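here is a sequence together with a model predicted from it:
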Amino acid sequence: MSLQRLLLLEDDPAIARTVAYALEREGFAVDHVLLVREAEARLAQVRHGYALAILDVGLPDGSGLDLCRDLRRGATAGQPAPAADNRALPIVMLTARGEELDRVLGLELGADDYITKPFSPRELCARVRSLLRRAALSHMPVTPGTSAFDCDDAGQRVRYAGVELPLTRLELGLLSILLRTPGRIWSRDALLDAVWGQDADSADRTVDTHIKTLRAKLREACGDVELIVTHRGLGYAIDLSRLPAP
């Protein structure tokens, strides 16, 4: 079984050695590069793509934020078409900047997580594993019978009956997980881990709040049908049998 390969873009050799060592001890293969242009070349060349990328922000020849934005658009500057589609590649931003504005900008550009230096290598490894679990869930095949919904993972959107739903990033994550396992009851903790990952600010009420807004948008799209079912003391599931006949 081949190791999951990660791309690390970091221009500080000491930090790069620490991160690579921690990840390799966890069983990952790590490709370390110092410059944005080197990262772009690796992303274009690796045949089966990377499992995840860790990108520093301030680099000698640019910014990891710009690379993140380009990856989400499906292209990188000055490079040929990549060997693999990287638009849905899980991305962790690794930076010395701790201001909320920088964190928000990274997330708005498409980053999945944001870790500020100095950091714990153990925490970084935990977040990487969490993101990889979420990525695996998002690529589970949709169960037959869910054809009314079209999940576009690369484009980060879901359509119902051909109409794109106006979902936030977290609502999209919740719906994508539920659609891939219709009928399965997800506890709040499991949804937190699958969608929010290691975000310490999240709690059970966070899940309930986003389920509430997601339900409202689904009712509007699906003719007031209540698709998401609450199982008291257990969690949430989606019941696609309630959809109106086409």
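That came in fine, so what should we check first?

paired strands for whichever strand or helix holds Ala53, with orientation please.
Element membership for Ala53 (DSSP states H and E) is strand 52-56. As defined by DSSP bridges, the strand partners of strand 52-56 come to strand 5-9 (parallel), strand 91-95 (parallel).

mind listing what's buried along the helix or strand containing Arg219?
If you go by DSSP H and E, Arg219 is part of helix 204-222. Of the residues in helix 204-222, 206-207, 210-211, 214-215, 217-218, 221-222 count as buried by neighbour count, 16 or more other Cβ atoms under 10 Å. The way it works is simple: take the backbone N, C-alpha and C, and place the C-beta from them, glycine included.

could I get the residues you listed as CSV with pLDDT and distance to Gly183?
Output for the buried residues of helix 204-222, formatted as CSV (pLDDT from 0 to 100; distance: Cβ to Cβ, whole Å):
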residue, pLDDT, distance to Gly183
Thr206, 80, 24
Val207, 86, 19
His210, 88, 20
Ile211, 92, 17
Leu214, 91, 17
Arg215, 92, 17
Lys217, 90, 21
Leu218, 90, 16
Ala221, 87, 20
Cys222, 84, 17
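
quick one: contacts for the closest residue to Ala237 other than its chain neighbours?
Distances taken as Cβ to Cβ, 6 or more residues apart in numbering put Ile185 closest to Ala237, at 4.7 Å, once the chain neighbours are dropped. Residues in contact with Ile185 (Cβ atoms under 8 Å, 6 or more residues apart in numbering) are 231, 234-237.

same thing with Gly233?
Gly233 neighbours (Cβ under 8 Å, 6+ apart): none.

OK, contacts around the closest residue to Leu218 other than its chain neighbours?
Nearest residue to Leu218, sequence neighbours excluded (Cβ to Cβ, 6+ apart): Leu227, at 5.3 Å. For Leu227, the contact set (Cβ under 8 Å, 6+ apart) comprises 215, 218, 238-240, 242-243.

which SS class is Gly183?
coil (DSSP: H, G, I helix; E, B strand; the rest coil).

just give me the neighbour total for it.
Applying other Cβ atoms under 10 Å, we find 12 residues neighbouring Gly183.

do you know how far the spatially closest residue to it that is not a sequence neighbour is from Val225?
Leaving out its chain neighbours, the residue that sits closest to Gly183 by Cβ to Cβ, 6+ apart is Ala237, at 5.9 Å. Taking Cβ to Cβ, to the nearest Å as the measure, Ala237 falls 15 Å from Val225.
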